[in-house]
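[1] Structure, please.
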Amino acid sequence: MHIKTEVRDSGIFGKGLFAIEPVRRGTIVCFFAIGAQVITEDRYLDAIRNDEKQIVRTGTRFLGRYFTVGNEQEPYTFINHSFLPNLLCHCGIVMARRDIAVSEELTLDYRYLVDDTEVGLYADAASGRVIRGLSARQTFLDTARQMIELLESDEQWQG
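    As a prediction, this is how the structure comes out:
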């Protein structure tokens, strides 16, 4: 983690990850690939079918048909889903989409993290709405556009 956080009970689902310092829009929050293993989407889907807990809990789309897994001890594994998230993930780089206040729960849109098959369907804890992953291509295009928009709108961004 590149910001100060803590894991505690979530109003969304189970445990969540909360900022314990203000986080400025555009701040790099974490990078999923550090220390992670990279696996193919086929291996990821097999793990989901077989309920391999470590991969189910930590697997996130990296780029194309590849997923990062591992790091189950990392606090970022407690980032919960939101259809209106305060974080953006592009190729494993997680950034603040907007300013985040102290004690605010960190959220990501899981549609950009999971597969687009019928194998790994999740439900949004708040609404019960199905979280269906987007295709590898759509994920890359959408998150690239969001990343460009975020960076272009912040003349002060330096990384």
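
[2] rest of the way, CA atoms for contacts and neighbours
    OK.

[3] Which residues in stretch 75-86 does the neighbour count mark as buried?
    Within stretch 75-86, the residues that count as buried by 16 or more other Cα atoms under 10 Å are 75, 76, 77, 78, 79, 80, 81, 82, 85, 86.

[4] can you give me the offset of that stretch from its chain's centre?
    Averaging C-alpha positions (Cα atoms, centre = their mean, to the nearest Å) puts stretch 75-86 6 Å from its chain's average.

[5] Need the distance between the two termini of it.
    Terminal residues of stretch 75-86 are spaced 16 Å apart (Cα to Cα, to the nearest Å).

[6] try stretch 3-11
    Its first and final residues considered, stretch 3-11 spans 21 Å by Cα to Cα.

[7] and that stretch, average pLDDT?
    Averaging pLDDT along stretch 3-11 yields 97.

[8] just how off-centre is that stretch within its chain?
    The chain centroid and the centroid of stretch 3-11 are separated by 15 Å under Cα atoms, centre = their mean.

[9] who touches residue 134 in this structure?
    In this structure, residue 134 makes contact with 111, 112, 114, 115, 116, judged by Cα atoms under 8 Å, 6 or more residues apart in numbering.

[10] Which residue lies nearest the spatial centre of the chain?
    Nearest residue to the geometric centre of the chain (Cα atoms, centre = their mean): residue 108, 4.7 Å.

[11] mind checking pLDDT for that residue?
    pLDDT for residue 108: 98.

[12] what are the phi and psi values for it?
    Reported as degrees, to the nearest 10, the phi and psi values for residue 108 are phi -130, psi 160.

[13] Switch the contacts of residue 134 over to TSV; also include secondary structure and distance to residue 125.
    Formatted as TSV, those follow (DSSP: H, G, I helix; E, B strand; the rest coil; distance: Cα to Cα, whole Å):
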residue	secondary structure	distance to residue 125
111	helix	14
112	helix	17
114	coil	16
115	coil	19
116	coil	19
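
[14] Would you mind giving these as a markdown table with neighbour count and pLDDT added?
    Output for the contacts of residue 134, formatted as a markdown table (neighbours: other Cα atoms under 10 Å; pLDDT from 0 to 100):
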| residue | neighbour count | pLDDT |
| --- | --- | --- |
| 111 | 21 | 96 |
| 112 | 26 | 97 |
| 114 | 28 | 94 |
| 115 | 27 | 92 |
| 116 | 17 | 92 |
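
[15] farthest-separated two in those?
    Based on Cα to Cα, the longest span within those runs between 112 and 116 and measures 9.3 Å.

[16] This completes my enquiry, with thanks.
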